[in-house]
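In: Give me a 3D structure for the following:
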Amino acid sequence: MVLTCSFVMFTDSELPPWFLSLSMGLLWVSLLRFLKVMNSKMSTYIAAIIQIFKDTFWFLVILVIVLFMFADMIHIAKVDTPGMCLKDPSIELLNNGTKRNV
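Out: Numbers count the residues shown, from 1 in each chain. Sure, this is the predicted structure:
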């Protein structure tokens, strides 16, 4: 978080949204680490969650790979289907979902 704040203060460029999301996620993880030190029951709970994540890590990796595989398959199947993907810049999608030629 310190690096993010330093970057924002000393440069004129904007940070990408994914970088700010990553910084906030790490900030929440540091809060959990702080709570683990403050309360012994909380530390047991957090240690159990960490152990469960370690035990299921490879299952989650395979699950994410399969999820991306199916998402890519659906994308490939639907990208050239008429009405599913607006690749033509001359077609504008209105707020109510109808199409209008520009």
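In: Just name the shakiest helix or strand of the chain by mean pLDDT.
Out: strand 99-101 (a mean of 54; mean pLDDT, DSSP states H and E).
In: what's around residue 47, how many residues?
Out: Residue 47 has 11 neighbours, counted by other C-beta atoms under 10 Å. C-beta coordinates here come from the backbone N, C-alpha and C atoms, glycine included.
In: pretty sure it belongs to a helix, no?
Out: Yes - remark: residue 47 belongs to a helix, assigned using DSSP: H, G, I helix; E, B strand; the rest coil.
In: ok, it to residue 40 distance?
Out: 10 Å (C-beta to C-beta, to the nearest Å).
In: just residue 69 next, same as before
Out: Taken as C-beta to C-beta, the span from residue 69 to residue 40 is 43 Å.
In: likewise residue 67?
Out: Taken as C-beta to C-beta, the span from residue 67 to residue 40 is 37 Å.
In: What of residue 70?
Out: Counting by C-beta to C-beta, the gap from residue 70 to residue 40 is 43 Å.
In: Which parts of the chain are strands?
Out: 91-93, 99-101 (DSSP state E).
In: where does this structure dip in pLDDT?
Out: Residue ranges of the chain with pLDDT under 70: 1-13, 81-102.
In: redo that, cut-off 50
Out: Along the chain, the parts satisfying pLDDT under 50 run over 95-96.
In: Tell me how many other residues crowd residue 36.
Out: For residue 36, the count of nearby residues is 16 (other C-beta under 10 Å).
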